[in-house]
Structures are given as structure tokens and as C-alpha cells.
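This is a predicted model, with the sequence first.
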Amino acid sequence: MGRLFFITLEGQIYRCKHCHTHLGLMDDIMSKSFHSSHGKAYLFAKIVNVTVGEKEERLMLTGLHTVVDIFCVGCGSLVGWKYEAAYEKIQKYKEGKFVLERYQVLGPNGNGYIPAQVPQALSDTDNTDNTDEG
Ligand SMILES: [Zn+2]
């Protein structure tokens, strides 16, 4: 078995919310306007302390991309994905870049992120008769 190396970042750090392994720096964020099926996601120029999965073709809102899932080396959680290749010219800037799922990481202030859309299965409150305009 190989030894795991943990890289320690300094600055405004995004960490794995499960094991607090350092993953990326605020300075390396290229865009905060990404979305995944779980909600917000951030595009990073550089990510550390992750392992990658199998390459696969994935059709996203912005077109077909070759991506690999990325996993935290500390706990093995799926934390996002990396763009290996983009087919649309306008999307080429994403090649070699990483996306972190916002709900899987803790921000520099230690705050978590609650996805806007709570999966139906987790909602057991009976408010179907209320029309809450608030
Ligand atoms: Zn972790």
C-alpha cells in the first residue's frame, strides 16, 4: 500500500466537510456560478488531495465533456469532478480544471452549505396543505 500524502494549504481554504482535508484555495476559484445536480458548484484551477475515478463522457448543460470524478483522499467522499476534455470550443477553458460540489466542502469561514432543493425523501414534514407565500 502506498503512503498517502496530505498537502497542507495556506490561506482561504476549502476543506472536505467530512474529514477536513484541504482541497482548494479561494484564490484558485475561477467561477462560482457552476451548478451540479446537488446545487452550487465551484470551478477551481487547482485542487489537491484528491484521487480520480474512471474517465467517462458526460452530457452537461454546456455540452458533452470527458470528465473524471474526484474523491477526497482523506475519506473517499465524492467531492466533484475534473474536466479532461470539452468538445465545444467555448468550453475548452475548462479542460484540466476541477469542480467542487459546494455541499461537500466547508468554506474558508468553516460554514457548510445547505442545498436549496431538499430531496423529497428527506422531507417528512406535512405542509402540503399550506400555501406558504412567504
Ligand atoms: Zn474527506
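Arrived safely, thanks for sending.

buried set for the strand or helix carrying residue 54?
In this assignment (DSSP states H and E), residue 54 forms part of strand 50-60. Neighbour counts over strand 50-60 (16 or more other C-beta atoms under 10 Å) mark 50, 60 as buried. Placement of C-beta: from N, CA and C, glycine included.

now for it, which elements pack on it?
Strand 50-60 sits against strand 63-72, strand 78-86, with contacts defined as 3 or more C-beta pairs under 8 Å, 6 or more residues apart in numbering; DSSP states H and E.

What are the contacting residues of it?
23, 64-73, 79, 81-82, 84, 98 (C-beta atoms under 8 Å, 6 or more residues apart in numbering).

so residue 87 touches residue 63, yeah?
Yes. The criterion here is C-beta atoms under 8 Å, and residue 87 meets it with residue 63 at 6.0 Å.

Am I right that residue 91 is in a strand?
No. Residue 91 is assigned helix when assessed by DSSP: H, G, I helix; E, B strand; the rest coil, not a strand.

tell me the most buried of the helices and strands packed on strand 50-60?
Ranked by mean neighbour count, these are led by strand 78-86 with a mean of 21 (mean count of other C-beta atoms under 10 Å).
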